[in-house]
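>>> I would like to see how this sequence folds:
(one chain, ligands or ions: 1)
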Amino acid sequence: MDRGTITVIIGPMFSEKSGELIRRCQKLMQYGRKKVRAYKPTEDNRFGEDDIASRIGYRLPAGHIPKEMTPTVVSQVLTETIHADVVAFDEAQFFSEPIVELTEELARRGKHVILDGLNMDYRGKPFGSIGELLAIADEIVKLTSFCACCGSPDAAFTQRIVNGKPATLGPLFLIGDTESYEPRCRRCFVPPDLAEAERSKG
Ligand SMILES: [Zn+2]
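Numbering: from 1, shown residues only. Below you'll find the model as predicted:
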């Protein structure tokens, strides 16, 4: 049996994490002749099929699975991937905590597990189970984007903007369309507490 490995691809929004995951999977399929099964989280609790799409335009067929990793979801993934060499998870920060055990189990079964996700939320804090996944990874790929303020190529943060200004503290998932996100470097990133202070200064 093949030796299992775990690869975690992290970075801010607009760093082409999904594109990196898709390119790696396609290379393994086309040149490595590996069987790949990919998954992405779905908003509702239904299983289904839908491509993973990167912002630049790469696409890969994938199964939809609920973010809430119930024992049913875990066993479905383990069953579906019996003959897979590679198992990929897009937007892994959204999956609940059993994603860590599932990843370990897949690797134990000899699979190459590739996950991509945001390592930090809009506050600049660790996102979901990504920290634990990084701790158990064999390989870490850290991507950056270009800072929306100063243009530097080392943007590692995702700035939430609400009504044109850096966001103050709010829910992790915003409902509505008044907010947007942009990549920023450490010098230009404004975390919620600083945004709050700047606002109260007037
Ligand atoms: Zn900057």
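>>> which strands and helices sit next to the helix or strand bottoming out on mean pLDDT in the chain?
Using mean pLDDT, DSSP states H and E, the weakest-scoring helix or strand in the chain turns out to be strand 48-49, at a mean of 82. For strand 48-49, the packing partners by 3 or more Cβ pairs under 8 Å, 6 or more residues apart in numbering; DSSP states H and E come out as strand 63-66. Quick note: C-beta positions are derived from backbone N, CA and C, even for glycine.
>>> Listing partners with orientation, what would you give for the strand it packs on?
In the sheet, strand 63-66 lines up against strand 36-42 (parallel), strand 48-49 (antiparallel) (DSSP bridges).
>>> Enumerate the positions of the first one that are buried.
Using 16 or more other Cβ atoms under 10 Å as the burial criterion, the residues of strand 36-42 that qualify are 36-42.
>>> One more: stretch 14-27?
Buried positions in stretch 14-27, judged by neighbour count with 16+ other Cβ under 10 Å: 14-22, 24-25.
>>> Looking at those, which are in helices?
If you go by DSSP state H, the buried residues of stretch 14-27 have 17-22, 24-25 in helices.
>>> Out of those residues, which is nearest to the ion?
Of all these, the ion sits closest to residue 17, with 19.6 Å by Cβ to the ion.
>>> Enumerate the residues of the chain near the ion.
By Cβ under 5 Å from the ion, the part of the chain that sits against the ion consists of 147, 149-150, 152, 185, 188.
>>> got JSON lines for those residues, with distance to residue 62 and secondary structure too?
Converted to JSON lines, these look like this (distance: Cβ to Cβ, whole Å; DSSP: H, G, I helix; E, B strand; the rest coil):
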{"residue": "147", "distance to residue 62": "30", "secondary structure": "coil"}
{"residue": "149", "distance to residue 62": "34", "secondary structure": "coil"}
{"residue": "150", "distance to residue 62": "35", "secondary structure": "coil"}
{"residue": "152", "distance to residue 62": "33", "secondary structure": "coil"}
{"residue": "185", "distance to residue 62": "31", "secondary structure": "coil"}
{"residue": "188", "distance to residue 62": "34", "secondary structure": "coil"}
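>>> Weed out the non-buried ones from those.
The neighbour count (16+ other Cβ under 10 Å) marks 147, 149, 185, 188 as buried among the residues of the chain next to the ion.
>>> and residue 118, what are its bridge partners?
As for beta bridges, residue 118 partners with residue 11 under DSSP bridges.
>>> what residues go with each domain of the protein?
Per automatic domain parsing, the domain ranges recorded for the chain read 5-142, 157-201.
>>> winner for burial among these?
Greatest average neighbour count among the domains of the chain goes to domain 5-142 (a mean of 18), per mean count of other Cβ atoms under 10 Å.
>>> Look at that one and report the distance between its end residues.
End-to-end span of domain 5-142 (Cα to Cα, to the nearest Å): 17 Å.
>>> May I have the distance across stretch 141-161, first residue to last?
Start and end residues of stretch 141-161 are separated by 27 Å (Cα to Cα).
>>> Having no further points to raise, I will conclude here.
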